[in-house]
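Asks: The sequence and its predicted three-dimensional model are supplied below.
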Amino acid sequence: MFIDARTLAEAATIEADICIIGAGAAGITMARELAGSGRRVAVFESGGFDFEQPTQQLYDGAVTGQPMPPLVVERLRYLGGSTNHWSGGCRPFDAEDMAVRSYIPDSGWPIGVADLDPFYRRAQAICQLGPYTYAPRDWAEGAAQPLDLGADAALRTGIFQYSPPTRFGEVYRADLERAEGVGVYLHANTVGIETDDSAGTVTGLRLACLDGHRFHAVAKAYVLATGGIENPRLLLNADKVQKAGLGNGHDLVGRYFMDHPYVSGAATVMLAGAAPSLDFYQQRQVRGIPVGAYFGATPAAAQAEGLPGFCIGLVPQTMAEQGTGRDSLKTIVADIKSGHWPDHLAYHLGQILNSAEWRAETTYYRWTHAKPTVLSTDYICECPPDRDSRVTLGDDVDALGMRRVKVDWRLPADFERTMGRAHELLAQELGRLGIGRLRMNTRETGHDAMAAIANGFHHMGTTRMHRDPRHGVVDADCRVHGMANLFIAGSSVFPTYSFDNPTMTIVALALRLSDHLKSTVLSALDLPGGSR
Amino acid sequence: MRFSRRLLLAAATGLPLLAAPGRAAPPPEAVGRLRRLARPAPSARALGLAYLARRPDEAGPARLAALVLAALGLGEADLAAFDDRSLAALLADRIRADFAAGRMESAGGWMLARTEARLLALAV
């Protein structure tokens, strides 16, 4: 059931067993999983069913480190959250993505792929993907065959599947409407997390609407599911009892902020006339399922070379990034409708033009059935965790009195070297197989790819998972260390993150947390001495 | 340094960069034969020059030819046993072997096999 929080009585108190803050991929997944469990679930979503500029402005903040688009562009604050603009790429982590890697400080999850695998299988359906297989051979068809890279090769082929992409707010809206025991409160902004005197138990939430309504919520367990920037923002703003912010006894909340550096056109690949087909590596449909393939390092090569997780995709040259143009257009239209001159107009116009260029080029290749002979690489990688890459609070506040964030994203000093080395490995394979030659686009060659580093809009790491509270904000069950009933869902718990779009792992972790709450936590909290 | 599309294509194709072998008897000098196989088109100059700028110690046709032949395991005297077609095949194999072994050189941003880069330099 949906409830417009602006219609609640002033100072109303909502009682539930579980409060979920945020209705994006994680929050919606959890609400659906907990529906019909006999538990009362209250979901608090800041936005409504669609984009609203005043609500979106609550996301504004400062970017002080590596340049990235404005924070109001990076995320979307309405039902479905940032799944309203995700690109749909999905792939489960490999074992090494979650392992302790000696060459990546602070790497290693307290859980492994085997723990996530059953949840990945369920996430596969939720993200509207095809069969749960990511073995390249299972996606070969006709002339589109993976290259035979050989057992000793440093690179291997990997597969992404592409979600439609699932807009969680649209696709699962009807489910939420009829979900037994679930109330989804729209226009409901969490502005305070109240605790007992020891900051060990959450006792309630303070909520507010932009029209001035204020109300409360109390529950047995609370889940923050507001993304990699807002999760730490909420914890850091909750400083009434624990002055450094909730869960921040070891000064970790907001640290280790990570995103995916994305370099489009890092290199140019010229194909030889009689080169083996690279059709497999183009985005295509296999039995109706959209897939794409990439080159990544084998675990042995990554270790030998000290390389972070990376993938290199091949696209016809000058193909611009898709997808963001539509969001920019919506932003401009919404601004003009509401009588505002659009903020960041030049940025948005650039995104729209890039999208137009991409569409024109794609259409050309589709109509002419021509195969491009010049390809560009798209390089995406993880960055080793960095304590100084972080989200902090600034001094200015939003319309609801919450301190805004400052995001200081940092790239590793050896980023260009590792990107270059990854491309050398690709050049090696392309040359060995007689496919073509690769040229790095650098300052020296007049096409400086480093000048155009983008980010994936994938905000991660700021409430990282670790068994030891000195090294992580949440434990292996996503419970905030030192707190009885506060949990975190979403990519902020990722301690490392490979090169994958995080959505599928966010959904898998949300399913796992839902099971954990149902099977263990809530029954324990029902006992005398539980949180309420 | 900027490159023409023709140069990019030439560099990308590797083996086809080598001129199609003719039926004429191979010239006696290693430098001449290797140069002819490398087809000293204007487009190849830029990459050859870029390589030499990075490896000035290899400058000079005789030095470069000796290095290429040594990589093939041949002496100048052995060349007579190979016609252009078989020499081109030998070079192509060596270029692929260079890639497989990671013996690559950067010239103007291009990641080339070492033997390939030396042939381009020889063509300058």
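Replies: That came through fine. Nothing here was measured: the structure is a model prediction, and the numbers come from that model. Numbering: from 1, shown residues only, chains lettered A, B, ... in the order given.
Asks: For the residue of the stretch 201-350 of chain A found nearest chain B, give me the pLDDT.
Replies: Proximity of the stretch 201-350 of chain A to chain B (C-beta to the nearest C-beta) peaks at A:M270, 2.7 Å away. Every C-beta, even on glycine, is put in place using the N, C-alpha and C of the backbone. What the model reports as pLDDT for A:M270 is 89.
Asks: What of A:D211?
Replies: 97.
Asks: wait, isn't it in contact with A:R6?
Replies: Yes. In this structure A:D211 lies within contact range of A:R6 using C-beta atoms under 8 Å: 5.4 Å.
Asks: residue ranges with poor pLDDT in chain A?
Replies: For chain A, the stretches with pLDDT under 70 are A:317-372, A:527-532.
Asks: What residues does it have near chain B?
Replies: Contact residues (C-beta under 8 Å from any C-beta of the partner chain) of chain A with chain B: A:268-273, A:373-374, A:423-424, A:427-432, A:434, A:436-442, A:444-446.
Asks: Generate a ChimeraX selection restricted to the buried subset of these.
Replies: The following ChimeraX line selects those of those that are buried, judged by 16 or more other C-beta atoms under 10 Å in any protein chain shown:
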select /A:268,269,270,271,272,373,374,423,424,427,428,429,430,431,432,434,436,437,438,439,440,441,442,445
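Asks: Looks to me like the residue of the stretch 201-350 of chain A closest to chain B is in a helix.
Replies: No. Looking at A:M270 with DSSP: H, G, I helix; E, B strand; the rest coil, it is strand, so not inside a helix.
Asks: now the helices: where do they sit in the chain?
Replies: This is for chain A. For chain A, the helices defined by DSSP state H occupy A:25-34, A:53-56, A:71-74, A:95-98, A:113-126, A:168-171, A:173-178, A:227-237, A:299-305, A:324-337, A:345-368, A:415-432, A:503-516, A:522-526.
Asks: The intended chain is chain B.
Replies: B:5-13, B:30-38, B:42-54, B:61-72, B:84-101, B:114-122.
Asks: ranking those helices by burial, who's on top?
Replies: Compared across the helices of chain B, helix B:114-122 shows the largest average neighbour count, a mean of 28 (mean count of other C-beta atoms under 10 Å in any protein chain shown).
Asks: quick one: contacts for A:V269?
Replies: Residues in contact with A:V269 (C-beta atoms under 8 Å, 6 or more residues apart in numbering or on different chains) are A:L314, A:V374, A:L375, A:S376, A:T377, A:L430, A:G436, A:R437, A:L438, A:R439, B:A12.
Asks: of all the residues you listed, which comes closest to B:E58?
Replies: Closest approach between those and B:E58, by C-beta to C-beta: A:R437, at 20.1 Å.
Asks: Wait, that closest one touches B:L112, no?
Replies: Yes. Judged on C-beta under 8 Å, A:R437 makes contact with B:L112 at a distance of 6.8 Å.
Asks: measure A:P164 to A:T505 for me?
Replies: Using C-beta to C-beta, to the nearest Å, we find A:P164 at a distance of 18 Å from A:T505.
Asks: So which of these two has more stuff around it?
Replies: A:T505 (28 against 11; other C-beta atoms under 10 Å in any protein chain shown).
Asks: right, and the more buried one touches A:D94 too?
Replies: No. Checked against C-beta under 8 Å, the pair A:T505 and A:D94 is beyond contact range at 11.7 Å.
Asks: do you know how far the residue of the stretch 201-350 of chain A closest to chain B is from B:A88?
Replies: According to C-beta to C-beta, A:M270 and B:A88 sit 20 Å apart.
Asks: cool, A:A151 as well?
Replies: 29 Å.
Asks: again, but for A:A454
Replies: 43 Å.
Asks: With A:R439 instead?
Replies: Taking C-beta to C-beta, one finds A:R439 at 24 Å from B:A88.
Asks: where in chain B is pLDDT low?
Replies: Applying pLDDT under 70 to chain B flags the ranges B:1-28, B:39-44.
Asks: could you redo the last one with a cut-off of 90?
Replies: Applying pLDDT under 90 to chain B flags the ranges B:1-47, B:75-82, B:84, B:108-109, B:123-124.
Asks: who's in contact with A:H260?
Replies: Here A:H260 is in contact with A:I380, A:C381, A:E382, A:N455, A:G456, A:H458, A:Y497, A:F499 (C-beta under 8 Å, 6+ apart).
Asks: With A:T298 instead?
Replies: A:A153, A:A154, A:L155, A:R156.
Asks: A:A154 too?
Replies: Each residue near A:A154 by C-beta under 8 Å, 6+ apart is listed here: A:A297, A:T298, A:A301, A:E305, A:L425, A:Q428, A:E429.
Asks: Same check on A:C311?
Replies: Counted by C-beta under 8 Å, 6+ apart, A:C311 has contacts A:G158, A:Y294, A:F295, A:G296, A:Y379, A:I380, A:C381, A:F499.
Asks: which ones are touching the third one?
Replies: If a contact means C-beta under 8 Å, 6+ apart, then A:F295 has A:L155, A:R156, A:T157, A:G158, A:Y281, A:C311, A:I312, A:G313, A:L426, A:E429 as its contacts.
Asks: Just the ones of the residues you listed in strands?
Replies: A:L155, A:R156, A:T157, A:G158, A:C311, A:I312, A:G313 (DSSP state E).
Asks: Tell me which two of those residues sit farthest apart.
Replies: Using C-beta to C-beta for every pair in the ones in strands among the contacts of A:F295, the one that comes out farthest apart is A:R156 and A:G313, at 14.0 Å.
Asks: surely A:P54 meets A:A399?
Replies: Yes. Between A:P54 and A:A399 a contact is recorded at 7.1 Å, counting by C-beta under 8 Å.
Asks: Need the overlap of contacts for those two.
Replies: With C-beta under 8 Å, 6+ apart, A:P54 and A:A399 have common neighbours A:L210.
Asks: Give me the neighbour count for the closest residue to A:V391 other than its chain neighbours.
Replies: Closest residue to A:V391 apart from its sequence neighbours, by C-beta to C-beta, 6 or more residues apart in numbering or on different chains: A:G254 at 4.1 Å. Using other C-beta under 10 Å, A:G254 has 29 other residues around it.
Asks: what is the nearest residue to A:D259 once chain neighbours are set aside paired to in the beta sheet?
Replies: Using C-beta to C-beta, 6+ apart and skipping the chain neighbours, the partner closest in space to A:D259 is A:N455 (4.4 Å). When bridges are taken as DSSP bridges, the partners of A:N455 come out as A:P261.
Asks: so who does A:N455 touch?
Replies: Applying C-beta under 8 Å, 6+ apart to A:N455 gives the contacts A:Q66, A:M68, A:P69, A:E74, A:D259, A:H260, A:P261, A:Y262, A:W409.
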